[in-house]
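Engineer: Mind looking at a prediction? Sequence and model below.
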Amino acid sequence: MVMQNSDRGIERWVCGFLGAALLLGACLPARAEQQPLPKSPDSPAPPAPADSAAPVSAPQAPARQGTTPDAEAPSLGGPSGPFESGTPDGAGSTLPAASTQTAPSAGGEPERPLLEEEAPSLGGPSGAEQPGAATDPFAPWWTRVPNVQPFPPPGNTIIPPRGPGYYTLRELLRGDYRQAPPRYPYPRFGIIMWSYFNADWRYLDRNDPRDHDFFDFLKRIRLGDDFLFTTGGEWRWRYNNEVDSRLSGRDNVYELTRTRVYAEFWYRDIFRIYGELINAQSFDQDLPPQPVDQYNPNFLNLFADLKLATLYNQPVYLRGGRQELLYGSQRLISPLDWANTRRTFQGGKVFWQNDKFSLDGFVVQPVLPSANSFASVIWQQVFSGVWGTYRPARGEVIDLYYLNFQDSLLAYLGQNGHRGPQNNSTVGSRWYGNKNDWLWDAEGMIQFGRFSNQGIMANAFTMGGGYCFSKWFFNPTVWVYYDHASGQPGPPGSTSTHQTFNQLFPFGHYYFGMTDLVGRQNINDFHTELSFFPTKWWTVWAQYHVLRLDSPFDALYNSAGVPTRIDPTGKAGNNVGEVLTVINNFTLDLHQNVFVQYSHLYAGDFLHRTGSGRSPDILWLMYGYRW
């Protein structure tokens, strides 16, 4: 596909803007040297700064003072995905004094309040917001941006340890003993599920030297009284060694690299421009690279936010342009961070939220990674929906949503091989909770509509329960889950009803063993998971999955929803096999993570009878650096 001249002009213009912005950020003075913005006559004074969760050196530590609860920074996963965000629940909400407890003094440090155990991922994506700033309509405008959308807890949630210790390998080597997790928006984990436009750097407005990082000069740069600029990014490398790669019968050893650079520019809390470039490359593959492996320099995100109104003292924003979407458990909608290119859409959405409720409506079109074109939108597909979230109490999330996927391509084979379009509607709800170390996760989805000349009647559900042994050594968390997604009960196209569940746009890698060989279509999965922390900077995560087809007549679908094996007679049975996955994540410092995953699929009868019968073996080694 040849890029049109207008598209080239747009791309050059925005590339120039981002480049100039990055240069401007590098030339401006460091954050710690900046002075607060002058207060407007009608604006009240900003809230008093909360105490810091910065490192202290044992045995002596500087004195700490402050009366507000200490908003702990994200633990391994508020921002990263399966892990807990140690901040007040809601988007920057405050906690009452009753929600604090006193930590014992150490090394002569005065006692200070600490938060009680938080629910996973309920404190917003970055876990670093200033208490109360996002929800106070009378606070200075710069304390209210960005309008961070709370990061929802995915399934298989891991609860990391808290309290005094070394949270990175660098801290251990330097003797930087902390009383609480470090205050830093990026996750201490190799996978980052959320989007960089939800990174919350507002804690830097306090200019507390104990929260200092050498990249701070790139964040929260104030230009005059009305403008704010932030930039950052990531470089990631991954080594892949796959035996029976993609169930092809062939082995595949290769490398992937990815670079992301983002910049955002705010005019008060009224208008925002956000741009994010990505360059994803694949090297030395023994199989043809997949579309999600490569993306020559292009825009992953490029949108504008406009404040439309204020509803119940909270802003209503319109976002238009190229943007990532993330909702709920990410079983249906996710940026798909494991993919080298991530997933993005083009269109618009309106969103509003407060401490208890969130409501989004969107109409977008999927964007395909393309090496040659900026306008790689799938024009024949329209994805729309309304997603509401209610947070009744700390530790609980209730989602209710309606989604519609319209594809006018004549690419779907219905009854008797008739080829036609698809219109699929999904209605679903989820209840997730964490109380007194008990964990639960239940989600149900029903689909209806038209699939070529067939009616759609499909379903999927998840039921899971777990427990975090928070008082044990290594802080272990255990989960037991059952996942179901319906399949076609007879040979494809033999009836007037299509019953194969459509997984839409999920975080496919995260579920079903993290091998990318199984997706949420025509599958039953009983699995158990165990996570623990030998040290605060070392995460161990083990999973065991028992996988069976829902219908032996339907196909086995991979994490992208593509059928890879099928026996339309049903004689191959439904035993896909069992998957063992072991993950180790090492947090070198706040910027660097090493992620190691080993997975083995013990092939069942279905794989033996429909292919080579080999048992896939996977080793992935990933290093990431973020700034």
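Structural biologist: Sure, I can see it.
Engineer: Spit out the contact partners of residue 171.
Structural biologist: Neighbouring residues of residue 171 by CB atoms under 8 Å, 6 or more residues apart in numbering: 55, 177, 178, 537, 589. For the C-beta atoms, the positions are set from N, CA and C on the backbone; glycine is no exception.
Engineer: among those, which are in helices?
Structural biologist: Nothing among the contacts of residue 171 maps onto helices, per DSSP state H.
Engineer: Next, find the distance separating residue 533 from residue 471.
Structural biologist: Residue 533 is 14 Å from residue 471, where distance means CB to CB, to the nearest Å.
Engineer: Compare neighbour counts for those two and give me the winner.
Structural biologist: Comparing residue 533 with residue 471 by other CB atoms under 10 Å, the one with more neighbours is residue 533, at 22 against 7.
Engineer: Pull up the pairing partners for whichever strand or helix holds the more buried one, direction included.
Structural biologist: For residue 533, the host element (DSSP states H and E) is strand 523-535. In the sheet, strand 523-535 lines up against strand 477-485 (antiparallel), strand 538-548 (antiparallel) (DSSP bridges).
Engineer: Let me see the mean pLDDT of the last one.
Structural biologist: Looking at strand 538-548 alone, the average pLDDT works out to 97.
Engineer: Would you mark the buried spots in that strand?
Structural biologist: Neighbour counts over strand 538-548 (16 or more other CB atoms under 10 Å) mark 539, 541, 543, 545, 546, 547, 548 as buried.
Engineer: Show the pLDDT at the one residue sitting closest to the centre of the chain.
Structural biologist: For the chain, residue 193 is the residue whose C-alpha lies nearest the centre (CA atoms, centre = their mean; 2.0 Å). pLDDT recorded at residue 193 is 91.
Engineer: do the one 3 residues further on as well
Structural biologist: As summarised for this prediction, residue 196 has a pLDDT of 95.
Engineer: Contacts only, for residue 508.
Structural biologist: Residues counted as contacts of residue 508 (CB under 8 Å, 6+ apart) are 336, 516, 519, 520, 558, 559, 560, 561.
Engineer: residue contacts, the last one?
Structural biologist: Taking CB under 8 Å, 6+ apart, we find residue 561 in contact with 502, 503, 508, 519, 521.
Engineer: Confirm for me that the second one is in contact with residue 486.
Structural biologist: In other words, residue 503. No. Using CB atoms under 8 Å as the test, residue 503 is too far from residue 486 to be in contact (11.3 Å).
Engineer: anything in contact with each of these two?
Structural biologist: Listed as contacting both residue 503 and residue 486 by CB under 8 Å, 6+ apart are residue 460.
Engineer: Quick check: residue 295 touching residue 369?
Structural biologist: Yes. With contact defined as CB under 8 Å, residue 295 counts as touching residue 369 (4.2 Å).
Engineer: any residues in contact with both of those two?
Structural biologist: Counting by CB under 8 Å, 6+ apart, the residues touching both residue 295 and residue 369 are 280, 341.
Engineer: now stretch 340-350, how far from the chain's geometric center?
Structural biologist: Computed by CA atoms, centre = their mean, to the nearest Å, the chain-centroid distance of stretch 340-350 equals 13 Å.
Engineer: er, stretch 417-436 actually
Structural biologist: On the basis of CA atoms, centre = their mean, stretch 417-436 sits 19 Å off its chain's mean C-alpha point.
Engineer: For the stretch 501-627 of the chain, which segments are assigned as helices?
Structural biologist: Secondary structure of the stretch 501-627 of the chain (DSSP state H, counting those that start in this stretch): helices at 605-610.
Engineer: Equivalent analysis for the stretch 201-350 of the chain, please.
Structural biologist: Under the criterion DSSP H, counting those that start in this stretch, the stretch 201-350 of the chain carries no helices.
Engineer: Poorly predicted segments of it, please.
Structural biologist: For the stretch 201-350 of the chain, no stretch has pLDDT under 70.
Engineer: in stretch 462-475, what's buried?
Structural biologist: Buried residues in stretch 462-475, counted by 16+ other CB under 10 Å: 462, 464, 466, 468, 475.
Engineer: Which of the residues you listed sits closest to residue 424?
Structural biologist: residue 462 (19.1 Å; CB to CB).
Engineer: Which residue comes closest to that closest one once chain neighbours are left out?
Structural biologist: residue 443 (4.6 Å; CB to CB, 6 or more residues apart in numbering).
Engineer: what pLDDT does the one you found get?
Structural biologist: In this prediction, residue 443 carries a pLDDT score of 98.
Engineer: State whether residue 331 and residue 444 are indeed in contact, as I suppose.
Structural biologist: No. Between residue 331 and residue 444 there is no contact under CB under 8 Å: 10.9 Å.
Engineer: Mutual contacts of those two, please.
Structural biologist: Here residue 331 and residue 444 have 460, 462 as joint contacts, going by CB under 8 Å, 6+ apart.
Engineer: about what we covered before: list the buried residues of the host helix or strand of the residue nearest to residue 462.
Structural biologist: Here residue 443 sits within strand 438-451, counting by DSSP H and E. Within strand 438-451, the residues scored as buried using 16+ other CB under 10 Å are 439, 441, 443, 445, 446, 447, 449, 450, 451.
Engineer: could you dump those residues to a markdown table with distance to residue 394?
Structural biologist: What follows is the buried residues of strand 438-451, written out as a markdown table (distance: CB to CB, whole Å):
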| residue | distance to residue 394 |
| --- | --- |
| 439 | 14 |
| 441 | 16 |
| 443 | 20 |
| 445 | 26 |
| 446 | 30 |
| 447 | 33 |
| 449 | 37 |
| 450 | 42 |
| 451 | 42 |
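Engineer: nearest to residue 526, of those?
Structural biologist: residue 441 (14.6 Å).
Engineer: The closest one and residue 194, how far apart?
Structural biologist: On the measure of CB to CB, residue 441 and residue 194 end up 19 Å apart.
Engineer: And for residue 444?
Structural biologist: As for residue 444, its distance to residue 194 is 25 Å (criterion: CB to CB).
Engineer: again, but for residue 518
Structural biologist: Using CB to CB, one gets 24 Å for the distance from residue 518 to residue 194.
Engineer: Could you give the secondary structure assignment for the closest residue to residue 589 other than its chain neighbours?
Structural biologist: The shortest distance from residue 589 to any non-neighbouring residue, by CB to CB, 6+ apart, is to residue 170 (3.9 Å). Here residue 170 is helix, with the state taken from DSSP: H, G, I helix; E, B strand; the rest coil.
Engineer: List the residues that contact residue 170.
Structural biologist: Applying CB under 8 Å, 6+ apart to residue 170 gives the contacts 176, 588, 589.
Engineer: Please report the number of neighbouring residues for the first one.
Structural biologist: Counted with other CB under 10 Å, the burial measure for residue 176 works out to 17 neighbours.
Engineer: and what of residue 597?
Structural biologist: Residue 597: 22 surrounding residues under other CB under 10 Å.
Engineer: among the strands paired with strand 523-535, which is nearest residue 240?
Structural biologist: Among those, the nearest to residue 240 by CB to CB is strand 538-548 (19.0 Å).
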